[in-house]
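J.: following is a predicted model, sequence given first.
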Amino acid sequence: FLKKEKQVLVLIPEIALSKQWINRFKDIFGFQPFIWNSEVKNSKKKEIWQASIRGDPLVLVGARSSIFLPFSNLGIIIIDEENDISYKQQEKIIYNARDMAIVKSKITKAKLLLISATPSLETFYNCKIKKYNSVILNKRFGAANDPKIKLIDMKFNYNKIFANDTSNILKEKVKNGNQVLILINKRGYAPITICSKCGEKETCSNCDINLVFHKSKEKLVCHHCGAYKNIKNVCGSCKAVNSKINLGYGIEKVAIEVKKMFKSYEIVTLSSDTIKKENFSEILKEIESGKIRIIIGTQIISKGFNFLKLNSVFILDFDIWFNNCDIRTNEKIFQLTQQVSGRTSRKSMTGEVFIQTYDVKNYLLEMLKLNKRNIFYQNELALRKKIMLPPYYRLIAIILLGKDVKFLRKLSFKLKMILEEYKELILLGPIPAPVEFIRNEYRYRILIKTNQPFFAQKILKSINFNKLSVNKVRIKIDVDPVSFF
């Protein structure tokens, strides 16, 4: 496309990936592309904006907002990890950069390339019905082999972070010079802080949610609104002294346990709390060189990093991943596990993935162990069809937000009565959101299911939401929601 003097847009899901992705790009193509994300200076953004308008041949690698650049000579849009939910912006203006890229490619007549080892179910379905052309790579790049997935039964290791078998295997791997990754999908030290005398939990005053203890900051933090408070020795409810205990475990607690096991080895923790620091590029170099032997990370570490010396992955909290209200739970867990497994075996050595679980007969684990991706997708499609979910039906979420919960509930039922006039729509709710109170506002949700999405959107456009939005109620419409909290 550059030979044809065209413009190339590449979307990647995380800013954190930019540095390593760019270095790999330079090694292969011999030049550095333009970069577009929130960390780029305004002067550079102005230069990129003008080059886009002029139609200058260029390659731009960017986060989701780069889809709005005014390209006048676009040849191709490439979306890396197209299944990643980071492409969906869920605050302020709600949009999905992947879906907008599909529309943009039609408008501009540009080619579109969706890339993923674990495609979204919608993309898989579109390939199945020949709406999309698909190219399947049956072998991993170069000499890389598929990793072996092994299960570690936690039934005899109740309430432990590491099963005895996990500890022994981990020690053996590190002792033999292997680089290992430990995945724990919770930030902070512990998700619950509670009084052992009266059972009072530390909760956020702005949200209906528990505060997470961050030992590195010695603070209790809300992961929804960002509010925090210091830990007090006296219980605010029963006035007991030194009665606070931490339940569960997050990445910080895991890191402390690992440091006890490996006092003489370099250990690094990677999560959204640490990955944005200025020294992140140096940390990546030390991981790539093998100097850092033990990596402890949240799910952000599964997103495209290329650690050639990594041999083994340990997944600690697999069972907890099912504890949510998401219709895509199975799909997301399957994708995450496959993606983090893909961090191993980057060269000729065969990597291993060890998954701690209390449910060794779990259907998803069976599919993962046997690498039956297509069977999993086919089964998931059959289930979605049976219960009328995407990709066979489209979803539209209506979220009502306000400070007066009684009025909010009344308004949500009034809106449902308006929508019930249209028999083409299947309505679920209204109900309080799973996290009902967040950022000092109550939330009610209505979910629309339809196999006539354009008709449904036409109906919603005809409703005067401004007239309904009284008493400081806000109404948000989320087409094709990816979050249901």
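T.: Arrived safely, thanks for sending. Residues are numbered from 1 along each chain as shown.

J.: now do the host helix or strand of residue 255: which elements does it pack against?
T.: Secondary structure from DSSP states H and E places residue 255 in helix 251-261. Here helix 251-261 touches helix 164-175, strand 267-270, strand 294-297, going by 3 or more C-beta pairs under 8 Å, 6 or more residues apart in numbering; DSSP states H and E. The C-beta positions use only the backbone N, C-alpha and C, and glycine is treated the same way.

J.: try 7 Å this time
T.: strand 267-270, strand 294-297 (3 or more C-beta pairs under 7 Å, 6 or more residues apart in numbering; DSSP states H and E).

J.: could you dump that helix to CSV, C-alpha only?
T.: Presented in CSV, the C-alpha positions along helix 251-261 are these (Å, rounded to 0.1, in the frame of the first residue of the first chain):
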residue,chain,number,x,y,z
ILE,A,251,-1.3,-9.2,42.5
GLU,A,252,0.5,-7.5,45.4
LYS,A,253,-0.2,-10.3,47.8
VAL,A,254,1.0,-12.9,45.2
ALA,A,255,4.1,-10.9,44.6
ILE,A,256,4.9,-10.9,48.4
GLU,A,257,4.5,-14.7,48.5
VAL,A,258,6.7,-15.2,45.4
LYS,A,259,9.4,-13.0,46.9
LYS,A,260,9.5,-15.2,49.9
MET,A,261,10.0,-18.2,47.7
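
J.: that helix: which residues count as buried?
T.: By 16 or more other C-beta atoms under 10 Å, the buried positions in helix 251-261 come out as 251, 252, 253, 254, 255, 258.

J.: quick check: closest non-adjacent residue to residue 234.
T.: residue 241 (5.6 Å; C-beta to C-beta, 6 or more residues apart in numbering).

J.: any idea how far residue 4 is from that neighbour?
T.: Using C-beta to C-beta, to the nearest Å, one gets 74 Å for the distance from residue 241 to residue 4.

J.: all helices of this protein, in order?
T.: 18-29, 42-54, 97-108, 121-128, 164-175, 251-261, 280-289, 329-341, 363-369, 373-386, 405-419, 453-462, 465-468 (DSSP state H).

J.: count of neighbours near the residue nearest to residue 234?
T.: Residue 241: 10 surrounding residues under other C-beta atoms under 10 Å.

J.: and if you look at residue 189?
T.: 23.

J.: flag the shaky bits of the stretch 1-150 of the chain, pLDDT-wise.
T.: For the stretch 1-150 of the chain, the stretches with pLDDT under 70 are 16-17, 140-145.

J.: ok so, going back, Throw the buried residues of helix 251-261 into TSV and include pLDDT and distance to residue 417, thanks.
T.: Shown next, in TSV, are the buried residues of helix 251-261 (pLDDT from 0 to 100; distance: C-beta to C-beta, whole Å):
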residue	pLDDT	distance to residue 417
251	95	47
252	95	49
253	96	49
254	96	50
255	95	53
258	96	56
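
J.: now that we're looking at the closest residue to residue 212 other than its chain neighbours, what pLDDT does it have?
T.: Take residue 212 and drop its neighbours on the chain: the residue closest to it by C-beta to C-beta, 6+ apart is residue 188, 4.0 Å away. pLDDT, residue 188: 94.

J.: wait, residue 188 touches residue 210, no?
T.: No - between residue 188 and residue 210 there is no contact under C-beta atoms under 7 Å: 10.7 Å.

J.: and those two? which has more neighbours close in?
T.: residue 188 (25 against 20).

J.: residues touching that one, list them.
T.: 212, 213, 214, 221, 250, 252 (C-beta atoms under 7 Å, 6 or more residues apart in numbering).

J.: Throw those residues into a markdown table and include distance to residue 270, thanks.
T.: Converted to a markdown table, these look like this (distance: C-beta to C-beta, whole Å):
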| residue | distance to residue 270 |
| --- | --- |
| 212 | 17 |
| 213 | 20 |
| 214 | 16 |
| 221 | 18 |
| 250 | 13 |
| 252 | 12 |
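
J.: quick one: buried ones out of the residues you listed?
T.: Neighbour-count burial (16+ other C-beta under 10 Å) applied to those gives 212, 213, 214, 221, 250, 252.

J.: okay, now residue 468: neighbour count?
T.: Residue 468, neighbours per other C-beta under 10 Å, totals 15.

J.: show me what the top strand by length along the chain is packed up against.
T.: As assigned by DSSP state E, the longest strand anywhere in the chain is strand 426-438. Judged by 3+ C-beta pairs under 7 Å, 6+ apart, strand 426-438 is in contact with helix 405-419, strand 441-450.

J.: in the sheet, who's paired with the nearest residue to residue 403 once chain neighbours are set aside?
T.: Spatial nearest neighbour of residue 403, chain neighbours left out: residue 441 (6.1 Å); criterion: C-beta to C-beta, 6+ apart. On the basis of DSSP bridges, residue 441 is bridged to residue 438.

J.: just give the nearest non-adjacent residue to the residue nearest to the spatial centre of the chain, would you?
T.: By C-alpha atoms, centre = their mean, the chain has its centre lying nearest to residue 85, at 5.4 Å. In space, and not counting its chain neighbours, residue 85 is closest to residue 482: 4.8 Å by C-beta to C-beta, 6+ apart.

J.: circling back: contacts only, for the residue nearest to residue 403.
T.: Taking C-beta under 7 Å, 6+ apart, one finds 401, 402, 403 in contact with residue 441.

J.: can you check residue 64 too?
T.: Applying C-beta under 7 Å, 6+ apart to residue 64 gives the contacts 11, 87, 89, 97.

J.: from residue 67, how far off is the third one?
T.: Spelled out, that is residue 89. Applying C-beta to C-beta, the value for residue 89 to residue 67 is 10 Å.

J.: what of residue 284?
T.: Residue 284 is 26 Å from residue 67, by C-beta to C-beta.

J.: over to residue 458?
T.: Residue 458 is 25 Å from residue 67, where distance means C-beta to C-beta.

J.: equivalent analysis for residue 28, please.
T.: For residue 28 relative to residue 67 (C-beta to C-beta), the value is 24 Å.

J.: again, but for residue 289
T.: 35 Å.

J.: between these two, which is the more surrounded one?
T.: residue 67 (23 against 10).

J.: quick check: that one touching residue 101?
T.: Yes - counting by C-beta under 7 Å, residue 67 does reach residue 101; the two are 5.6 Å apart.

J.: what residues are shared contacts of the two?
T.: In contact with both residue 67 and residue 101: residue 11, using C-beta under 7 Å, 6+ apart.

J.: OK, contacts around the residue lying closest to residue 253 once chain neighbours are set aside?
T.: Leaving aside its chain neighbours, residue 253 sits nearest to residue 189 (4.9 Å; criterion: C-beta to C-beta, 6+ apart). Residues in contact with residue 189, defined by C-beta under 7 Å, 6+ apart, are 213, 214, 215, 246, 250, 252, 253.
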